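>>> Let me see the structure of the following:
(chains A and B)
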There are 2 protein chains.
Amino acid sequence: MKQEAGNTVVLTPIGVIQSTLRTCPEAPKQGSEGAPDAWLEVAPAVARGLHGITAGDEIIVITWLHRARRDVLEVHPRGDKRLPLTGVFATRSPDRPNPLGLHRVRVVEIAGNRLKVGPIEAIDGTPVVDVKPVLPGGTDS
Amino acid sequence: MKQEAGNTVVLTPIGVIQSTLRTCPEAPKQGSEGAPDAWLEVAPAVARGLHGITAGDEIIVITWLHRARRDVLEVHPRGDKRLPLTGVFATRSPDRPNPLGLHRVRVVEIAGNRLKVGPIEAIDGTPVVDVKPVLPGGTDS
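Prediction:
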C-alpha cells in the first residue's frame, strides 16, 4: 500500500439537495424506483462551474450520504435478510466506508444556481460533492 | 443553502491504484482511450467489503484525483483552446472543486485484497475512495 492511501481527503460540498423526501425510510433505493425530482442548490462560490449545463442534459450527481453508517463492510443486499451477506463494495448499500452516492439524473430546469434534477432518491439536506456530464455512450460510469 | 452544505466531509481512501502510468501527461483522458489495466490494492482493514465481487464483473471505481487543481471552475474541454470555456461541472476535467474520478472498469483478476481492473486511466498512486457494482442496465450512473 502506497503512502497516498493512508492520507485523508477533505471535500467541501458544492451544494445541497432540496427534496420532498425528508427521511431515509421514505426514499426508494434507486432513483428509478419512484423517486421524485429535487432541487440541487449550488453554492454561489462555485456556481460558475455550472456554465454549459442545459435543461435536458443527463448528469451524474455525486452526493455524500450523510446519514449512512461508515463502519459496515457486509450487508444483506437491499436489506433482504434472505440474501447472503455481501461485501458493501459489491452492493449499492449507502452504508460503506466512504458513503458516496451516484445518481444519474436528467436536468429538468435551471434557475440561476439551482438545477431541478431527477428522479433522485437522495433526501432533503444531502450534501452534493460533484456533478459530471454523462459521457456520450454513457459507458464510463 | 442548508447548513449541511457548509460542513466538510473527510474520506479515508480504501485503496490505491498501482499502474504502469506514472505521470498525468502519459494518461489518456478516458479509460476507453487506450488506458492499461491496473491493480487496485484494497486496504486490509476494509478488504472484507470486496466479498461478492468476481472476475468478469463490471464495477465503478471512484478515485481521488490527487494531482488535480481544486481552484478551477472553467476549462477548455479536453484542453482544446479552440473550444469555448465551459464550467467544470459540464466537463470531465480532473480539475474541479472536489476532484473525484469515476471509472467504469471490468474486473480482470482477483488476488486476495487486490483487483486487476481496466482499462483505467488513473495514474500510479491514485487513492481509491469507493467501489460500486454497475447496476443491471447500467442506467444509474
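
>>> what about the longest strand in chain A?
Longest strand of chain A, by residue count under DSSP state E: strand A:100-111.

>>> quick one: whichever helix or strand comes after that strand to strand A:100-111, angle?
In the C-terminal direction, the helix or strand that comes right after strand A:100-111 (DSSP states H and E) is strand A:114-118. Orientation check (axes from the mean of the first three to the mean of the last three CA atoms, to 10 degrees): strand A:114-118 against strand A:100-111 gives 120 degrees.

>>> so does strand A:114-118 get close to chain B?
No. Using CB under 8 Å from any CB of the partner chain, we find that strand A:114-118 stays clear of chain B, coming within 9.3 Å at best. Where C-beta positions appear, they are placed from N, C-alpha and C, glycine not excepted.

>>> how about the strands of chain A, start to end?
Secondary structure of chain A (DSSP E): strands at A:9-11, A:15-18, A:38-42, A:58-64, A:74-75, A:86-87, A:100-111, A:114-118, A:127-133.

>>> quick check, distance from the second one to the centre of its chain.
It refers to strand A:15-18. Strand A:15-18 sits 10 Å away from the centroid of its parent chain (CA atoms, centre = their mean, to the nearest Å).

>>> What pairs with that strand, parallel or antiparallel?
Using DSSP bridges, the strands paired with strand A:15-18 are strand A:38-42 (antiparallel), strand A:127-133 (antiparallel).

>>> before we move on, back to that, which helices and strands sit right next to the longest strand of chain A?
Packing partners of strand A:100-111 (3 or more CB pairs under 8 Å, 6 or more residues apart in numbering or on different chains; DSSP states H and E): strand A:58-64, strand A:114-118, strand B:58-64, strand B:127-133.

>>> ok, A:Gly31 - contacts?
Listed by CB atoms under 8 Å, 6 or more residues apart in numbering or on different chains, the contact set of A:Gly31 reads A:His103, A:Arg104, A:Val105, A:Gly118, A:Pro119, A:Ile120, A:Glu121, B:Asp140.

>>> okay if I get the strands of chain A as CSV plus mean neighbour count?
Formatted as CSV, the strands of chain A follow (neighbours: other CB atoms under 10 Å in any protein chain shown):
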stretch, mean neighbour count
strand A:9-11, 17
strand A:15-18, 24
strand A:38-42, 24
strand A:58-64, 22
strand A:74-75, 20
strand A:86-87, 20
strand A:100-111, 19
strand A:114-118, 22
strand A:127-133, 24
